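**Student:** Let me see the structure of the following:
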Amino acid sequence: MFIRANGPAVTAEREVWREALGVVLATSAYGVSFGALAVASGLDVWQTCVLSLLMFTGGSQFAFVGVFAAGGVSALPSAIASAALLGVRNVAYGMRMSPIVGTTPRLRVAAAHFTIDESTAVAISQVDPRLRQVGFWVTGIGIFIGWNITTLVGALVGDVLGDPQTWGLDAAAAAAFLALLWPRLKERQAIAVGVAAAVVAASLTPVLMPGLPVLVAAVVAIVVGWFNWLGRADAPAATPREGMS
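**Tutor:** Numbers count the residues shown, from 1 in each chain. Predicted structure coming up:
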């Protein structure tokens with residue numbers, strides 16, 4: 001009777017583990033690209049690995065190396081600011097996940113570093129509170145481990161390749177970031193914001209130092225999003241999507 005009664009619960013937990021580990025494997029693979037691109041942008045292997053350990057949010061990391069590759073050390077403040085802008089969304093995720101990840105302050109502090117798109121998405125897709133915790137922690141910790149391992153692999157590979165221009169990797173950071181952005185351009189407002197931001201950034205690139213056009217373009221996106229221009233007033237709230245973006 002005991003085993004039979006707990007059968008559905010065990011099955012449900014296995015399903016959550018299976019879903020979480022699938023997301024872990026898919027997302028961790030991107031770490032190879034980041035490691036290679038970061039080294040191609042001018043960071044060394046250890047700097048690249050530390051960035052993944054401490055920043056640990058893929059979209060922000062790709063934005064950082066993209067701006068850094070364009071302007072070098074002089075663009076470092078702009079690169080940090082660009083990464084920080086993209087990382088702000090994790091604050092909203094944290095507010096949503098706070099009652100889910102645990103009841104103690106220690107758990108909530110520990111959860112902050114693992115609150116990313118994927119861990120939030122897997123957690124809120126569950127109905128049972130306990131399964132939400134399982135989904136969050138398995139996904140967050142799993143991606144953290146996998147992402148840092150693949151970052152090291154990619155950084156070592158990129159270091160062996162040498163000059164990024166020889167292999168065309170000098171433009172790869174921007175291409176990788178565009179690949180993360182493209183799946184999100186499904187609604188009229190998102191497409192309009194993307195086009196407007198691209199025009200603003202391209203127009204300002206010849207006159208501003210590297211990194212600043214990206215920040216100005218980000219202001220365009222923030223203004224449009226804040227006033228919901230071109231968006232539906234009754235549009236449902238967006239849910240986190242995969243890709244560590």
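**Student:** Against which helices or strands is the top helix by length along the chain packed?
**Tutor:** Looking across the chain with DSSP state H, the single longest helix is helix 129-161. The criterion is 3 or more C-beta pairs under 8 Å, 6 or more residues apart in numbering; DSSP states H and E, and the helices and strands that helix 129-161 contacts are helix 2-28, helix 30-40, helix 45-54, helix 89-101, helix 105-112, helix 117-124. Backbone N, C-alpha and C define where each C-beta goes, glycine included.
**Student:** Could you rerun that using 6 Å?
**Tutor:** Packed against helix 129-161, as judged by 3 or more C-beta pairs under 6 Å, 6 or more residues apart in numbering; DSSP states H and E, are the following elements: helix 2-28, helix 30-40, helix 45-54, helix 117-124.
**Student:** Show me what the second one is packed up against.
**Tutor:** For helix 30-40, the packing partners by 3+ C-beta pairs under 6 Å, 6+ apart come out as helix 45-54, helix 58-71, helix 129-161, helix 172-181.
**Student:** looking at those helices, which is buried most?
**Tutor:** Highest mean neighbour count among the helices and strands packed on helix 30-40 (mean count of other C-beta atoms under 10 Å): helix 58-71, with a mean of 25.
**Student:** For that one, name the packing helices and strands.
**Tutor:** helix 30-40, helix 76-87, helix 172-181.
**Student:** circling back: how much does the longest helix of the chain deviate in direction from helix 30-40?
**Tutor:** With axes from the mean of the first three to the mean of the last three C-alpha atoms, to 10 degrees defining the directions, helix 129-161 sits at 40 degrees from helix 30-40.
**Student:** Give me the angle between helix 129-161 and helix 2-28.
**Tutor:** Going by the same axes, to 10 degrees, helix 129-161 is angled at 30 degrees with respect to helix 2-28.
**Student:** what is the mean pLDDT for helix 129-161?
**Tutor:** On average, the pLDDT along helix 129-161 is 90.
**Student:** same deal with stretch 68-82?
**Tutor:** pLDDT averaged over stretch 68-82 gives 71.
**Student:** now do stretch 197-211
**Tutor:** What stretch 197-211 shows for mean pLDDT is 71.
**Student:** what's the answer for stretch 101-119, then?
**Tutor:** For stretch 101-119, the mean per-residue pLDDT is 85.
**Student:** if I look at the nearest residue to Ala84 once chain neighbours are set aside, how far off is Pro105?
**Tutor:** Once flanking residues are discounted, Ala84 sits nearest to Ser60: 7.4 Å by C-beta to C-beta, 6 or more residues apart in numbering. Distance, Ser60 to Pro105, using C-beta to C-beta, to the nearest Å: 26 Å.
**Student:** For Val23, which non-adjacent residue is spatially closest?
**Tutor:** Distances taken as C-beta to C-beta, 6+ apart place Glu118 nearest to Val23, at 5.0 Å, with adjacent residues excluded.
**Student:** next one: Val157
**Tutor:** Ala36 (5.5 Å).
**Student:** is it true that that neighbour touches Gly158?
**Tutor:** Yes: between Ala36 and Gly158 there is a contact under C-beta atoms under 6 Å: 3.6 Å.
**Student:** thinking again about what came up before, of the helices and strands packed on helix 58-71, which shows the lowest average pLDDT?
**Tutor:** Of all the helices and strands packed on helix 58-71, helix 172-181 carries the lowest average pLDDT, namely a mean of 54.
**Student:** right, and the helix or strand after that helix?
**Tutor:** Next helix or strand after helix 172-181 toward the C-terminus (DSSP states H and E): helix 188-204.
**Student:** Pull that following helix out as CSV, backbone CA atoms only.
**Tutor:** In CSV, the C-alpha atoms belonging to helix 188-204 read as follows (Å, rounded to 0.1, in the frame of the first residue of the first chain):
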residue,chain,number,x,y,z
ARG,A,188,5.0,43.1,-33.6
GLN,A,189,6.4,45.0,-30.6
ALA,A,190,9.5,42.9,-30.3
ILE,A,191,10.3,43.2,-34.0
ALA,A,192,9.7,47.0,-34.0
VAL,A,193,12.0,47.4,-30.9
GLY,A,194,14.7,45.2,-32.5
VAL,A,195,14.6,47.2,-35.8
ALA,A,196,14.6,50.6,-34.0
ALA,A,197,17.4,49.6,-31.7
ALA,A,198,19.5,48.3,-34.6
VAL,A,199,19.0,51.5,-36.5
VAL,A,200,19.9,53.7,-33.5
ALA,A,201,23.0,51.6,-32.8
ALA,A,202,24.2,51.6,-36.4
SER,A,203,23.7,55.3,-36.7
LEU,A,204,25.7,56.1,-33.6
